[in-house]
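>>> The following block contains a protein sequence and its predicted model.
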Amino acid sequence: MNASMLSYMLFSLLLLSVQAQRCSVGEIIRFTTRLLEESSVSCPCRETAASSCSCLPIAEPGHELPCFVEGTEHMLKTNTSSNAVLARLNQTFQIQLDRKLCESLARGDQCQYKTKGNVTEFLNKILTTYQAINK
């Protein structure tokens, strides 16, 4: 391996670690895992029928942040989980969206999705998204 290849690899690793820090990856993974442990809501989401189950947006790639903001706001309004943890998570997503952090997760301010899921599916989407950044 030559010196230029080594410097390129080190620079790439540095960029990835900066991206992970700016995205509050560790904090989001910790909070989301906690909410998943607390969540007993695994009912099926039915968008058309009247259901007590929350239907939350499962974001399209590049539109995760606006959908995470929208979904956590809905969860706060319907009081589905630990409010302190959920409020912190919502605030973190909102800051990332407003300050244009984690650019790969927010190509715009609008939540775009093709499907909706229940609370567990929504939280798992958050978890897998931020775990992918953390790798």
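Perfect, thanks for sending it.
>>> any low-confidence regions in this structure?
Scanning the chain for pLDDT under 70 picks out 1-22, 40-42, 46-52, 80-82.
>>> in it, which spans are strands?
56-59, 113-117 (DSSP state E).
>>> Direction included, what does the shortest one pair up with?
Right, strand 56-59. strand 113-117 (antiparallel) (DSSP bridges).
>>> Dump the C-alpha coordinates for the strand it pairs with into CSV.
Provided in CSV are the C-alpha atoms of strand 113-117 (Å, rounded to 0.1, in the frame of the first residue of the first chain):
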residue,chain,number,x,y,z
TYR,A,113,-42.6,7.0,2.4
LYS,A,114,-44.4,4.2,0.6
THR,A,115,-45.5,2.3,3.7
LYS,A,116,-46.4,2.9,7.3
GLY,A,117,-45.6,0.6,10.2
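>>> residues near Asn83, how many?
12 (other CB atoms under 10 Å). From N, CA and C alone the C-beta is placed, and that goes for glycine too.
>>> Also Ala87?
14.
>>> Relative to Gly26, how far out is the closest residue to it other than its chain neighbours?
Leaving aside its chain neighbours, Ala87 sits nearest to Leu76 (6.4 Å; criterion: CB to CB, 6 or more residues apart in numbering). Per CB to CB, to the nearest Å, Leu76 is found 22 Å from Gly26.
>>> More neighbours: which of the two?
Neighbours were counted for Leu76 and for Gly26 using other CB under 10 Å; Leu76 has more, 15 against 12.
>>> Surely that one and Asn90 touch.
Yes: with contacts counted by CB atoms under 8 Å, Leu76 reaches Asn90, the gap being 6.2 Å.
>>> Perfect, that will be all.
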